[in-house]
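Enquirer: sequence unknown, structure follows:
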């Protein structure tokens, strides 16, 4: 059932072939980015999509200060995907030497599995490869997120077997609901990159 004028109604009217428009976020976008990230990962709204972390973490995923800090960093870009002025998805990429780092990836839960996330990931890889001359894209994924790891593997990312501890006690990363969380590094070579 679609609600008139809501995101679900918008999704029902979207052309399957229309491509999102990508742009860099600015300070005017901070609150919309925070709302999108929180809706994709936390609470009941996050449970509508398949990317929820609600069974692993509680509390916030990000806040306005955190997004503002990302916007102010050199070699850092918060990338937005929009269609008709509606924010569909976002991610953060950062140049770290000859590799890009991909994170804060969020797609509106009502629009997941519509190809928006795949398109945004491809655009982030393009920026890292063509504009920053990165030879690889790296990321960390919570090890317990098997379905998300599988999604990235289908897009060419490889598990490295290297892990980073979860920052227990740092509320900026959420409130853990388990004691065994850790991040696994994943990497993808960016074909055609020129160092």
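Expert: Alright, I've got the coordinates. Nothing here was measured: the structure is a model prediction, and the numbers come from that model.

Enquirer: residues touching the closest residue to residue 102 other than its chain neighbours, list them.
Expert: Leaving aside its chain neighbours, residue 102 sits nearest to residue 139 (4.4 Å; criterion: Cβ to Cβ, 6 or more residues apart in numbering). In this view, the C-beta of every residue, glycine as well, is placed from N, C-alpha and C. Remark: with contacts taken as Cβ atoms under 8 Å, 6 or more residues apart in numbering, residue 139 is in contact with 101-103, 152, 157, 185-187.

Enquirer: I figured residue 80 hits residue 23, correct?
Expert: Yes: judged on Cβ atoms under 8 Å, residue 80 makes contact with residue 23 at a distance of 5.5 Å.

Enquirer: Point to the helix or strand of this protein where mean pLDDT is at its lowest.
Expert: Across the helices and strands of the chain, the lowest-confidence element by mean pLDDT, DSSP states H and E is helix 7-13, at a mean of 42.

Enquirer: and after it, which helix or strand comes next?
Expert: Toward the C-terminus, helix 7-13 is succeeded by strand 21-24 as the next helix or strand (DSSP states H and E).

Enquirer: List the strands paired with that following strand, with their directions.
Expert: Pairing partners of strand 21-24, with direction, according to DSSP bridges: strand 76-83 (antiparallel).

Enquirer: can you pull the buried residues of the strand it pairs with?
Expert: Judged by neighbour count (16 or more other Cβ atoms under 10 Å), strand 76-83 contains these buried residues: 77-83.

Enquirer: Phi first, then psi, for residue 117.
Expert: With angles defined as degrees, to the nearest 10, residue 117 sits at phi -60, psi -40.

Enquirer: Tell me who's in contact with it.
Expert: With contact taken as Cβ under 8 Å, 6+ apart, residue 117 is in contact with 89, 105, 107.

Enquirer: wait, which of the residues you listed is closest to residue 60?
Expert: Of all those, the one with the least separation from residue 60 (Cβ to Cβ) is residue 105, at 16.4 Å.
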